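Chemist: Here is the input, now give the coordinates:
(2 chains)
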Amino acid sequence: GAVVSQHPSRVICKSGTSVKIECRSLDFQATTMFWYRQFPKQSLMLMATSNEGSKATYEQGVEKDKFLINHASLTLSTLTVTSAHPEDSSFYICSATKTSGSLTDTQYFGPGTRLTVL
Amino acid sequence: GQQLNQSPQSMFIQEGEDVSMNCTSSSIFNTWLWYKQDPGEGPVLLIALYKAGELTSNGRLTAQFGITRKDSFLNISASIPSDVGIYFCAGYGSSNTGKLIFGQGTTLQVKP
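Modeler: Model (predicted):
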């Protein structure tokens, strides 16, 4: 199997607070995890690539100080949205690839986290 | 960068009908993946294609990796109401960045 979980599934927070989202690979080890953002009726937009034990690589236009990513183990990556504002409200989805080392590994996605910032 | 053009954007069909959607690119892709996303959920992998010309089935779903490596199609036979959702093609381009490139999605609605 290749099951990826995310927690929480939904979160509502006040503007200015920070929110942490967890992404776990449940039945496999994931060398690489990815964080995506999806707006309504749009495709997935890659935010950053996270490798276990090293700093995340952020896509152009994504603020690394605002979206903190930590990939502390082969089964867990976290995304922290710092000082959240209403425009950060979105659907955040993580994915993970198995530790085969290939750059074309299949990505398995988590169920997503709906963030609403009031 | 490399892009994928997915069509059609949306489809509204009668239960029992067959469905076909495709993705094309102006550049070569090494891997094609087809995902389905239900509302409020993450994408679920349907079919993965790794070789040019590869034809793979998963139940009522069939997908092919185009021989030119610039396109892929997904067919759904005898559609049922639970086929409703958004279907995304995705692929790894020849630039080998390790980043998955997504199509814009095809929204499928099935009328019982």
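
Chemist: make it CA atoms for all contacts and neighbour counts henceforth
Modeler: Fine.

Chemist: so who does B:G91 touch?
Modeler: Taking C-alpha atoms under 8 Å, 6 or more residues apart in numbering or on different chains, we find B:G91 in contact with B:29-33, B:100-102.

Chemist: out of those residues, which one sits closest to B:N75?
Modeler: Here the nearest of the contacts of B:G91 to B:N75, counting by C-alpha to C-alpha, is B:L33; it sits at 13.4 Å.

Chemist: Find the nearest non-adjacent residue to residue 85, please.
Modeler: Because you didn't say which chain, this covers chain A. Take A:H85 and drop its neighbours on the chain: the residue closest to it by C-alpha to C-alpha, 6 or more residues apart in numbering or on different chains is A:S15, 4.9 Å away.

Chemist: actually chain B
Modeler: What sits nearest to B:G85 in space, not counting adjacent residues and going by C-alpha to C-alpha, 6+ apart, is B:D38, at 5.0 Å.

Chemist: which residues touch A:G110?
Modeler: With contacts defined as C-alpha under 8 Å, 6+ apart, the neighbours of A:G110 are A:3-6, A:23, A:93-95, B:42-43.

Chemist: switch the cut-off to 6 Å
Modeler: If you count contacts by C-alpha atoms under 6 Å, 6 or more residues apart in numbering or on different chains, A:G110 has them with A:4-6, A:94-95, B:42.

Chemist: Next one: it from A:Q60, what distance?
Modeler: In this structure, A:G110 and A:Q60 are separated by 23 Å, where distance is defined by C-alpha to C-alpha, to the nearest Å.

Chemist: before we move on, what about B:A52?
Modeler: Between B:A52 and A:Q60 the distance is 31 Å, computed by C-alpha to C-alpha.

Chemist: now B:P39
Modeler: Separation of B:P39 from A:Q60 (C-alpha to C-alpha) stands at 28 Å.

Chemist: B:L74 now?
Modeler: B:L74 sits 31 Å away from A:Q60 when distances are taken as C-alpha to C-alpha.

Chemist: what do you get for B:Y92?
Modeler: 19 Å.

Chemist: Specify which residue of the two has the higher count of neighbours.
Modeler: Ranked by neighbour count (other C-alpha atoms under 10 Å in any protein chain shown), B:Y92 and A:Q60 place B:Y92 first, with 24 against 10.

Chemist: need the contact list for the more buried one.
Modeler: Contacts were defined as C-alpha under 6 Å, 6+ apart; by that measure B:Y92 touches B:29-31, B:100.

Chemist: name the element it belongs to?
Modeler: Assigned by DSSP states H and E, B:Y92 belongs to strand B:85-93.

Chemist: Likewise for A:T78?
Modeler: Remark: A:T78 resides in strand A:76-81, with elements defined by DSSP H and E.

Chemist: The helix or strand hosting A:A48 versus strand B:85-93: what angle between them?
Modeler: With the criterion set as DSSP H and E, the secondary-structure element containing A:A48 is strand A:44-51. An angle of 50 degrees separates the directions of strand A:44-51 and strand B:85-93 when computed by axes from the mean of the first three to the mean of the last three C-alpha atoms, to 10 degrees.
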